[in-house]
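S.K.: predicted coordinates and the sequence they were generated for:
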Amino acid sequence: MTNYTFRTISLPEDTALLHSWIATEHAAFWGMPTASETEIAAEYRSLLETDDYEVLLGLDGAGSARFLVELYNPATSALAEAYNYVRGDRGLHFLAPAASTPQPGFTLDALSAAVQQAFSRPGTERIIVEPDQRNKAIHALNARVGFRPVRPVQLAEPDGSTKQALLSICTRNDFETATGRSLDSSFLSPERWERANRHVLAKALGEFSHERLLEPADHGENRYSVQKDGHRYSFTARRYQLNHWLVDPHSLEHQQFADGIWHQAEVDAIDFITLFYRELTLSEAQLPTYLEELSSTLSSHCYKQVHATHDAAQLAQFPGDAAQSFQLIESSMTEGHPCFVANNGRMGVGRSDYLRYAPETGAALRLGWAAAHKSRAQFDAIDTLDYESLLSGELHPAERQRLDDALEAALFGTGLSAEDYIFMPVHPWQWENRLSITFANDIARKQLIWLGTSEDEYQAQQSIRTFFNLSNPTRNYVKTAMSILNMGFMRGLSAEYMKVTPAINQWLGELFENDPVLSSQPVALLREIAAVGYRNPQFEAATDKSAPQRKMFAALWRESPISTLGNNEKLATMASLLHVDVHGKSFAGALIRRSGLDPQTWLNQYLDAYLIPLVHCLAAYDLVFMPHGENVIMVLENGAVKKVLLKDLGEEIAVLSDRVELPEEIRRVRTGGDPVLSVFTDVFDSFFRFLAPLLDAEGLISEEEFWKSVVGRLLDYRDRHPEFTERFDELGLFAQSFPLSCLNRLQLRNNQQMLDLTDQSGGLLYAGDLENPLASALAPLG
């Protein structure tokens, strides 16, 4: 194996060499077999002037040029319209010239070196090639270094012609497996690990202090510390309402006491948790798993550092069409859940799985399809939709025929009928790692049959098991089961819950349509219109209703927001408002600046679309949602919030009294609990607590004015709807305080299952009360 080095071509010095390689019949697929030296020079001068385009010569040990490599950004090339670009993709063109005396193994060795050079660029995770479909030799060579064909594509050439190409992709794992060469991780480095540790430890100090697990000593001038067993962690923090601690990661210092003095020591989040685990209420049994989740969160943060390709202002310009900008924003989020410290645990996901499936990679993937026997599987939908209608909307006729043919082939000679099966989407990780093993009995007996992968490509959303259709964005979201441990729950999906999910969504949709207030508000629902669930009677006989084996195989389809958009309207999840870029600027602030609106006006429009409908549902129906950032999608125009879309309804809404009549089949949504806590905990403490300081720090809206705006919009609702005045007042939204519900305490108590989903309110943990910022904001208003 020759060790090659690389240098950028130099013109005009390399013109004759390039001409001798390219203007030949051997390089006919490069499209310039009769070009003159002048034309070659002009072409490559243009490429050198192209942004994010490299033209390199591969040099042997003697410094002689042996082959040509071009590395480029596929997002700005003809490929952009032919495939679903993923951040971290790098395009590659490779040419090894014809040799008078062929050297065995040279071309393979040279291409391997070229691909390795491409992967050496920070942030590169996949290499994309698109050779001419007729070039069988290069296809075979590409396969030997790990490229996997995706599909034929048509590419526009500069001269106006069309190239029939074979799109192929090579991941780091593909390359290592095929060649035996090792690639260093592109995102794990000492510098990034240090930055990740400071970020996560700063969040841990802030959130654990918020939940009163830690009581930092106050040293004045915003300087605090916590200390134990000869270790001292000191830091600077700004204090806000709701006992919010905004800890500066750069200010963190860890000191260790030895030989009578304090010595500077390494800042390490895992060491900190291990030291303070008793104060954090972690048991010795829970500690190791929590540390694994924390390590995964740190690793994910390193990846996000490398792949933060757009700052907040650029994201607020919504590059591309509505679907493209929506998914770019979704994959650009760097934090995850704002409250949970270990929020990217994803236990069970390996290195290659991470690059394929983690939301922050923005990877395009194909979901699986399986056929499930109707004796085990059930399909349910809203009244206006049936099984065949759903599939006709989700599958192209040719794909439906392919699935039908695959099922018929699998059943040949068994005596079983294809009419007795239901098609179910499945996460490819779930099939490979769980279903193919745990449900082997069902597979062997043809109760469950793998049919292959989808033609459409999807992108994982922040919730990791929900997918947006990249190929056909107006088609439905698909939510699947993925039996990984993440943020206190196994992320399965219950077949039992799927049975009535469409009915819950139908009832809720009709309520919104018929309510005179909601139907006139800037709010709408993304309904879960159909669901399928698979039940294994053997595991059901052996387990209780909460067992993960009962949640291994189910899926639902949720409406896409794309088809509802008007001209100039864009999308972003509400979670994105809390995104802070590498420069310390928030996406919320960027949207306000983009809108051109007075910050107060922008905020009021957002509150009218988000908060007021939630309060109305409480006042009119005792109906509560789980309105955290990922469950709310904002419809924006020029950066201003025009409307919000509520989602994830089947499992997370509740009616907290018997004032509302419910259909018998959805009675499970009627639960107990204090209605107003859904606002205090889910809206104020879990979202506004973070948003208000961000806007304050950027000088857009002071924290005091933020909460005055909240009060103002609530009082405006009360004045405009006197029919709900009494009920509104009974909610007690302006009470002096409310209970502090602690999310991290739940995860620390049991990071396998934080709550019984059938009785969520009964398992909550509280730590005293928080002063209600609305009470102090209301006082000056009289």
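M.R.: Ah, there it is. Numbers count the residues shown, from 1 in each chain.

S.K.: just the strands in the stretch 151-300 of the chain please.
M.R.: Here the stretch 151-300 of the chain has its strands, by DSSP state E, counting those that start in this stretch, at 162-171, 217-218, 223-228, 231-240, 244-247, 253-258, 261-265.

S.K.: next, format those strands as a markdown table and append mean pLDDT.
M.R.: Below are these laid out as a markdown table (pLDDT from 0 to 100):
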| stretch | mean pLDDT |
| --- | --- |
| strand 162-171 | 91 |
| strand 217-218 | 97 |
| strand 223-228 | 97 |
| strand 231-240 | 97 |
| strand 244-247 | 97 |
| strand 253-258 | 95 |
| strand 261-265 | 94 |
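
S.K.: ranking those strands by burial, who's on top?
M.R.: strand 244-247 (a mean of 21; mean count of other C-beta atoms under 10 Å). C-beta: built from backbone N, CA, C; applies to glycine.

S.K.: packing partners of that one?
M.R.: With contacts defined as 3 or more C-beta pairs under 8 Å, 6 or more residues apart in numbering; DSSP states H and E, strand 244-247 has these neighbours: helix 190-210, strand 231-240, helix 689-697.

S.K.: low pLDDT regions in this protein?
M.R.: The model of the chain has pLDDT under 70 over residues 1, 100-101, 158-160, 185-186, 487-489, 750-764, 780-782.

S.K.: max-length helix in it?
M.R.: The residue-count maximum for a helix in the chain (DSSP state H) belongs to helix 599-621.

S.K.: including distance to Ser463, could the helices and strands packed on strand 244-247 go into TSV?
M.R.: Shown next, in TSV, are the helices and strands packed on strand 244-247 (distance: least, C-beta to C-beta, whole Å):
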stretch	distance to Ser463
helix 190-210	20
strand 231-240	28
helix 689-697	19
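
S.K.: between these, which gets nearest to Pro319?
M.R.: Closest to Pro319 of the helices and strands packed on strand 244-247 is helix 689-697 (C-beta to C-beta; 22.6 Å).

S.K.: what are the contacting residues of whatever helix or strand comes next after that closest one?
M.R.: Sequence order places helix 703-720 as the next helix or strand after helix 689-697, per DSSP states H and E. If you take C-beta atoms under 8 Å, 6 or more residues apart in numbering as the criterion, helix 703-720 is touched by 240-241, 600, 603-604, 607-608, 611-612, 615-616, 688, 691-693, 695-696, 701, 724-725, 728-729, 733-734, 773-774, 776-778, 780-781.

S.K.: repeat that for 7 Å
M.R.: 240-241, 600, 603-604, 607-608, 611-612, 615-616, 692-693, 695-696, 725, 728, 733, 773-774, 777-778, 781 (C-beta atoms under 7 Å, 6 or more residues apart in numbering).

S.K.: just the buried positions in it, please.
M.R.: For helix 703-720, burial by neighbour count (16 or more other C-beta atoms under 10 Å) applies to 703, 705-714, 717-718.

S.K.: CSV please, covering those residues and showing distance to Ser325.
M.R.: Shown next, in CSV, are the buried residues of helix 703-720 (distance: C-beta to C-beta, whole Å):
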residue, distance to Ser325
Glu703, 30
Glu705, 30
Phe706, 27
Trp707, 31
Lys708, 33
Ser709, 27
Val710, 29
Val711, 34
Gly712, 32
Arg713, 28
Leu714, 32
Tyr717, 32
Arg718, 37
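
S.K.: drop anything exposed from the contacts of helix 703-720.
M.R.: Buried, going by 16+ other C-beta under 10 Å: 240-241, 600, 603-604, 607-608, 611-612, 615-616, 692-693, 695-696, 728, 733, 773-774, 777-778, out of those.

S.K.: which residues touch the nearest residue to Arg689 once chain neighbours are set aside?
M.R.: Spatial nearest neighbour of Arg689, excluding adjacent residues (C-beta to C-beta, 6 or more residues apart in numbering): Leu242 at 4.5 Å. By C-beta under 7 Å, 6+ apart, Leu242 lies in contact with 684-685, 689, 770, 773.

S.K.: and Gly180, by the same measure?
M.R.: No contacts exist for Gly180 under C-beta under 7 Å, 6+ apart.

S.K.: and it, how far from Ala113?
M.R.: 14 Å (C-beta to C-beta, to the nearest Å).

S.K.: cool, and Ala692?
M.R.: 53 Å.

S.K.: equivalent analysis for Gly58, please.
M.R.: 6 Å.

S.K.: kindly report the same for Leu287.
M.R.: Per C-beta to C-beta, Leu287 is found 45 Å from Ala113.

S.K.: now Thr601
M.R.: From Thr601 to Ala113 the distance is 58 Å (C-beta to C-beta).

S.K.: assign Glu54 to helix, strand or coil.
M.R.: Following DSSP: H, G, I helix; E, B strand; the rest coil, the label given to Glu54 is strand.

S.K.: contacting residues for the residue nearest to it when sequence neighbours are not counted?
M.R.: Nearest residue to Glu54 in three dimensions, chain neighbours excluded: Leu71, at 4.4 Å (C-beta to C-beta, 6+ apart). Shown in contact with Leu71 (C-beta under 7 Å, 6+ apart): 54, 56, 90-92, 118.

S.K.: am I right that Leu71 is in a strand?
M.R.: Yes - Leu71 sits within a strand when classified using three-state DSSP.

S.K.: going forward, count from 703.
M.R.: Understood, numbering begins at 703; the last thing we discussed is Leu773.

S.K.: for it, name its beta-bridge partners.
M.R.: Glu756, Leu794 (DSSP bridges).

S.K.: relative to Leu758, how far out is it?
M.R.: Distance, Leu773 to Leu758, by C-beta to C-beta: 7 Å.

S.K.: from what I see, Gly908 and Asn945 are in contact.
M.R.: No - using C-beta atoms under 7 Å, Gly908 makes no contact with Asn945, being 9.9 Å away.

S.K.: how close does Arg850 get to Phe877?
M.R.: Computed as C-beta to C-beta, the Arg850 to Phe877 distance reads 11 Å.

S.K.: the two: which is more packed in?
M.R.: The residue with more neighbours, out of Arg850 and Phe877, is Phe877; 23 against 12, by other C-beta atoms under 10 Å.

S.K.: all helices for the stretch 703-852 of the chain, in order.
M.R.: 717-724, 739-750, 808-821, 838-846 (DSSP state H, counting those that start in this stretch).

S.K.: tabulate those helices (TSV), appending mean neighbour count.
M.R.: Conversion of the helices of the stretch 703-852 of the chain to TSV gives the following (neighbours: other C-beta atoms under 10 Å):
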stretch	mean neighbour count
helix 717-724	18
helix 739-750	15
helix 808-821	21
helix 838-846	15
